[in-house]
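[1] quick one, what's the 3D model for this:
(chains A, B and C)
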Amino acid sequence: MIMLQYLALAAILFAIGVFGVLTRRNAVGILMSLELMFNAANINFVTFNKFIAPGGLTGQIFAAFVIVIAAAEAVVGLAIVLLLYRNWKGINVDRINIMKW
Amino acid sequence: MSYYLLLIPLFPLLGFLINGLLLGKLNKKIVSIVACGAVGLSFLWGLKLFFNLLALPADSRIIEEIAFTWIPSGEFNVNVGFLFDPLSAVMVLVVSGVGFLIHLYSIGYMHDDSGYGRYFTYLNLFIFSMLTLVLANNYLLMFVGWEGVGLCSYLLIGFWFEKQTAADAGKKAFIVNRIGDFGFLLGLFIIFWSTGSLNFITVFDKAPQVFAMGAGLITAATLLLFLGATGKSAQIPLYVWLPDAMEGPTPVSALIHAATMVTAGVYMIARSHVLFLMAPTTLMVVAIVGVATALFAATIALTQNDIKRVLAYSTISQLGYMFVACGVAAFSAGIFHLMTHAFFKALLFLGAGSVIHSLSGQQDMRFMGGLKRHMPTTFWTFLVATLAIAGIPGLSGFFSKDEILWKSFSSDYGSIWIWAIGLFTAMLTAFYMFRLLFLTFYGGERMDHHAKEHLHESPKIMTVPLTILGVLAIVGGYIGIPHILGGGNNFEKFLEPVMGNVQHGGEEAMVMASSGQNGGTELMLMGISVVLILASIYLAYVLYVKNIALAGKIRQSLSGLHKILYGKYYVDELYGAVIIRPLIGLSLFLWKIVDVILIDGLLNGLATIIGDISKIMRPVQSGLLRRYTTVFLLGVVLILGYFVFR
Amino acid sequence: MPGIKIELLIPEMFLFAWALFLFLYDLGAKRKNSQSLGYLAMFGVAVTAVLLSLFHGGMVFGTMFQSDQLALFFKVIFLGAAFMAVGASFDIASEKIHNHRGEYYGLILLSTVGMMFLSSASELLMLYIGLELTTIPLYVLVAYFKDDRLSVESGMKYLIVGAFSSAILLYGLSILYGLTGTTDIVLMKINLSLVFLANGKIGPGLILAIVMVIAGIGFKLALVPFHMWAPDVYQGAPTPITGFLSVGSKAAGVVAFARIFVNGLIGFATDVMAPLDWGIIVAVLASAAMILGNITALRQKNIKRMLAYSSIAQIGYLMIGMVAATDRGISAVSYYMFIYLFANMGAFTIATIFNDKTGSDGIISYAGLSKSSPGFAACMTVFLLSLAGIPPLGGFVAKYLVFASGIQAGYTWLVILALLTAVVSLYYYANVIKMMYFSSESPSYKIKPPIPAQIVLFIGVAGVVIFGLFPQPILNLAAEAAKVFAF
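    The predicted model follows:
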């Protein structure tokens, strides 16, 4: 039953992340929400490792890799947010819609 | 022993490659030598193979050669292979022969055109594709040629793209043909699915085992094939592109839109006759669509003033005849008419081209007239072709058209109604063709002063092909003289190994014909049609030579009923009022309402609707990032919902 | 350790090292010499291809890294896409990118390394890392024109939608791991079957996982409704990168999809576990892609946007082979992707060169191109006709095979829909051809592509024509590739 609590935490975290991505106008806010989603998955991995497949370490290794990947993604993301700021003088994603249809 | 069938399409392909890769680097003389030479060689090689074929016993007149495996898919490979049997032999000779003459003619016709090299490049590509189409030993390779000729037709219709109409017409042809191709491809898939092969011989061998006679599947497959044929061969409802296709250079109209490409649908059905014979429903549809198209297009042709448009509608109408022949299971008759039609219609177009050439591009018959004196060769050859298409005894068109009419009457699949409509159409044909002839070559010279001074007979390079085609238009029919007239119907016999003896119990009918039981009927029908055709020619003569004002009057009278009451009718006018006037009215109605508004509008409307759908979809793609992620999530939720609430 | 054939990683390691070498080389190279970097990158890709031909066949790290025929086939596609993208980039690199040319080329190679790992992954962790290694360099590349608003906007959109989908995919993968206790795809399949046999059903977790994985990979494939980013990103990104995205990244998605679904979850497409039939869902998504892609493409005025929608439609056609989930289907998909490489990279290369010369991406600007640059226009015509599926070009054979596999697998309605939408698609392809050939405009410029771009165009035309006429060798390889999944 303890596993379910961990999983619920992850699910809630994931939902918050999704909600943030969909509603935030601030590009940095969106990136932060994305981090929540990645970390929710990480919690899942670690939890499953502990309760489902305690013999191996796959889940934990997976989580470690994901942390690295998420960091890389955040770096690139922040760099692009910087470009956004340079070109639009702001980081409101609703303003970047030159291309449509 | 290898017959090197590959050589037949290879020559034009080489011509295409030489002229295409060295575009703009060769002078006109070399371009024309390469292009004409390539087609000429194809013709000669085809002729040689034809005699090889004749040397074989009738039952084994079938040569199949596989060049290489194209698409290997499991045990059912698709090969690039060629099939040379009497049917494809006829097609090869017609395509390369008529094609060669038109190439020659084009040297004169296109001489001053800036796109000379490009023109011959396309033309060679066309011949290559067309020969691939008729020589293919499987449906898929046939489809390759089918698409190839469509592409060339598109390129050549839009050849003079400086004219917006030409560019639009090209695109229209392409798109309408695609609708047909959709049907064709779908039909192919059904065949492939059922028989596991696309090779003609295998498919036809297996067809009786996998399809039940008249079952839904074979009917669907053949109807889809027929849809493909209606696109390529300009039948109702997909005929709309052909009149517009007249925007292309006239030799192109002669080659592609009269003699060869548009007959591809007829060829395809004749080739697949084994399948079509298993689907009586389809045959009925083919016959009805054919006869309806024949009548419909002939009616419209009555009132057209553009010389090429008359011929275009006439082509549609004659193609209708060929489909009637296929529909009543008289496939040989259809191919016979295809061949004679190639001769005389190519001749008509080339003659019209000669006229247009001489009048510096004028195509409106109201501004022609009296050309007989100025262009004797063109006139005489044109007259021959007109007599042939009208069905005057002794010329090729008579034999082939009469064969179709007789088969539509006597075949098990035929009916007296098809015969009657066909006969009526033949009268209309004679009428509008002679109208065209009289308006163009007789009467006063209605062109403006400037044009009158430039009137001249076309150069030798153009008149020689005309003369050769003229001879063919006369003698082309003599290979298929029916038994009743003392001939041996050699053409049908020649095609028999391919077509089998499918025509309403062949032997029996033949015996009946010669014994005179049915022969009397056949002769009588023949007589009726000749008399009626002569009558309508006389009518055209009265209206457009003897009493030109009358025709105008009849037309005018349509604009207001009161004028009719005012008129002082002679017998001729009564005739006109009762028969011609309603016909002309019908013709205008069909053309302006049904053709231009209804069918053309329907196709255009389809395009507009698709465009509108695309407009509706636009707001979703709003450019807003958050909407993109929302749609993304919505997608996830929807799919999830599908699984949960199923 | 015995049995570990570490040398199988040599192609990837070489390409990786070569990318780093390009980073460093750019530091030392004289600024004037912008060409040498491009040639070096092309050279690196070519060497990798040679290495690949020497080292393949086997497994590394247990079963994590599969160097099988499927991986080999797709790696050739990735390398081809990278080669062509680099070849098309020379003018852009010398005129629009003033600093960091080495990074530009290096990142293309890095992304290619990611794709190569992805195609070899038979294990979720490897798959995910490969996917990210593919995508992260692409985020940078898409936004590479730092002062061009379009480029930055597309970079932002790509990154956020990409990271969003990646997070969703990751969450789905974590559930798969939780359900089976393993990340090995084949073991996963076995464990799932065992669970199913024991309980008679599979919990709702699997549904969630499958949907999330479809969405995550659907992003890579630009499958409707996960396609929204594609038109904007295709339009805004540097054009060679757009081509690379549309071919390389897409092929990576295809192979990942095949590995997870056709290999791992195939059981659910059959009667054994009918309640979880992912085939029907993907079929519906594919048909949506065909309809939406083709119809929206009709109204596009920008060639890159038009090609974006066209590629959405193309992926719809391709997925028919995937849902067929037979060896025929998979080999058809592989062949399709292979031809698509030439046709689409070719078309985007044309768009690149045209933009370099005229500064425009408008379809209307192509008016009269055949008069000023006939060879160039002829190449574009060949590419478009292949995309439209006109025989005898490769695109036709590809469509034929995919459709045939679809019919064989019983998805007749899908094939009919595909044929119908293919009719529509011809309209917008023909529109470009009409512009180039049937226009009275006479452009004053004459387009003469730089040598590397000429090579790329030559490869493209040759590929489409030769492999259209003689598809046998490729089909044999594709059939080998499909054998990886023991159907």
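[2] tell me the first helix or strand C-terminal of the helix or strand hosting B:Leu423.
    Using DSSP states H and E, the element containing B:Leu423 is helix B:416-441. The helix or strand immediately downstream of helix B:416-441 is helix B:449-453, counting by DSSP H and E.
[3] list the buried ones in that next one?
    Residues B:Ala451 are the ones in helix B:449-453 that count as buried (16 or more other C-beta atoms under 10 Å in any protein chain shown). Any C-beta I mention is one placed from the backbone N, CA and C, and that applies to glycine too.
[4] ok, and the closest non-adjacent residue to the residue in the stretch 301-450 of chain C positioned nearest to chain B?
    Here the residue of the stretch 301-450 of chain C nearest chain B is C:Phe438; by C-beta to the nearest C-beta that distance is 3.4 Å. Here the nearest residue to C:Phe438 in space, its sequence neighbours aside, is B:Phe161; by C-beta to C-beta, 6 or more residues apart in numbering or on different chains that works out to 3.4 Å.
[5] cool, B:Pro482 as well?
    The spatial neighbour of B:Pro482 that comes closest, neighbours along the chain excluded (C-beta to C-beta, 6+ apart), is B:Asn489 at 5.5 Å.
[6] quick one, what contacts the one you found?
    Contact analysis of B:Asn489 by C-beta atoms under 8 Å, 6 or more residues apart in numbering or on different chains lists B:480-483.
[7] again, but for B:Gly46
    Counting by C-beta under 8 Å, 6+ apart, B:Gly46 makes contact with B:8, B:89, B:92-93, B:96.
[8] if we use 6 Å, what do you get?
    B:Gly46 sits next to B:8, B:92-93, B:96 when contact means C-beta atoms under 6 Å, 6 or more residues apart in numbering or on different chains.
[9] swap in C:His227?
    C:Ile312.
[10] flag the shaky bits of the stretch 501-646 of chain B, pLDDT-wise.
    B:501-519, B:547-584, B:587, B:590-600, B:603, B:607, B:618 (pLDDT under 70).
[11] sorry, back to before: buried sites along the helix holding B:Leu423?
    Buried-residue list, helix B:416-441, by 16+ other C-beta under 10 Å: B:418-419, B:421-441.
[12] ok, and does the longest helix along chain A reach over to chain B?
    Assignment by DSSP state H gives helix A:58-88 as the longest helix of chain A. No - judged by C-beta under 6 Å from any C-beta of the partner chain, helix A:58-88 stays clear of chain B, getting no closer than 10.8 Å.
[13] any idea which strand is longest in chain B?
    Longest strand in chain B by number of residues (criterion: DSSP state E): strand B:63-71.
[14] name the helices or strands packed onto that strand?
    Using 3 or more C-beta pairs under 6 Å, 6 or more residues apart in numbering or on different chains; DSSP states H and E, the elements in contact with strand B:63-71 are strand B:78-84.
[15] now the very next helix or strand once past the strand it packs on against strand B:63-71, angle please.
    Note on strand B:78-84: by DSSP H and E, the next helix or strand toward the C-terminus is helix B:86-109. Angle, helix B:86-109 to strand B:63-71, by axes from the mean of the first three to the mean of the last three C-alpha atoms, to 10 degrees: 80 degrees.
[16] among the contacts of B:Gly46, which two are most distant?
    Maximum pairwise distance in these, criterion C-beta to C-beta, is 10.3 Å, between B:Ile8 and B:Leu93.
[17] neighbour count and pLDDT added to the contacts of B:Asn489, as a markdown table?
    Shown next, in a markdown table, are these (neighbours: other C-beta atoms under 10 Å in any protein chain shown; pLDDT from 0 to 100):
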| residue | neighbour count | pLDDT |
| --- | --- | --- |
| B:Gly480 | 27 | 78 |
| B:Ile481 | 17 | 77 |
| B:Pro482 | 21 | 76 |
| B:His483 | 17 | 73 |
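[18] quick check, nearest of these to chain A?
    Of all the contacts of B:Asn489, chain A sits closest to B:Gly480, with 60.7 Å by C-beta to the nearest C-beta.
[19] who touches the residue nearest to that closest one when sequence neighbours are not counted in this structure?
    Closest residue to B:Gly480 apart from its sequence neighbours, by C-beta to C-beta, 6+ apart: B:Phe491 at 3.6 Å. Counting by C-beta under 6 Å, 6+ apart, B:Phe491 makes contact with B:336, B:479-480.
[20] now swap in B:Asp364 and tell me
    B:Asp364 is in contact with B:Asn305, counting by C-beta under 6 Å, 6+ apart.
[21] give me the neighbour count for B:Ala215.
    Per other C-beta atoms under 10 Å in any protein chain shown, the neighbour tally for B:Ala215 reads 13.
[22] how about C:Tyr25?
    C:Tyr25: 18 neighbours (other C-beta under 10 Å).
[23] number of residues surrounding the nearest residue in space to it that is not next to it in sequence?
    Counting by C-beta to C-beta, 6+ apart, C:Tyr25 lies nearest to C:Gly102, which is 5.8 Å off, once chain neighbours are set aside. Counted by other C-beta under 10 Å, the residues lying close to C:Gly102 total 23.
[24] identify the residues contacting C:Gly102.
    So C:Gly102 contacts C:22-23, C:25-26, C:37 (C-beta under 6 Å, 6+ apart).
[25] near chain A, which residues of chain B show up?
    Counting by C-beta under 6 Å from any C-beta, chain B sits next to chain A at B:618, B:621-625, B:629-630.
[26] identify the farthest-apart pair in these.
    B:Arg618 and B:Thr629 (18.9 Å).
[27] neighbour count: the two, which is higher?
    Remark: of B:Arg618 and B:Thr629, B:Thr629 carries more neighbours, 23 against 12, as counted by other C-beta under 10 Å.
[28] secondary structure element holding that one?
    Using DSSP H and E, B:Thr629 sits in helix B:625-644.
[29] ok, the residue of the stretch 301-450 of chain C closest to chain B to C:Gly362 distance?
    Distance, C:Phe438 to C:Gly362, by C-beta to C-beta, to the nearest Å: 17 Å.
[30] please say which of the two ends up with more neighbours.
    The residue with more neighbours, out of C:Phe438 and C:Gly362, is C:Phe438; 25 against 14, by other C-beta under 10 Å.
[31] B:Glu162 is in contact with that one, correct?
    No - here C:Phe438 does not reach B:Glu162: they are 9.0 Å apart, not a contact under C-beta atoms under 6 Å.
[32] pretty sure B:Pro9 sits against B:Thr132.
    Yes - contact status for B:Pro9 versus B:Thr132: in contact at 5.1 Å, counting by C-beta under 6 Å.
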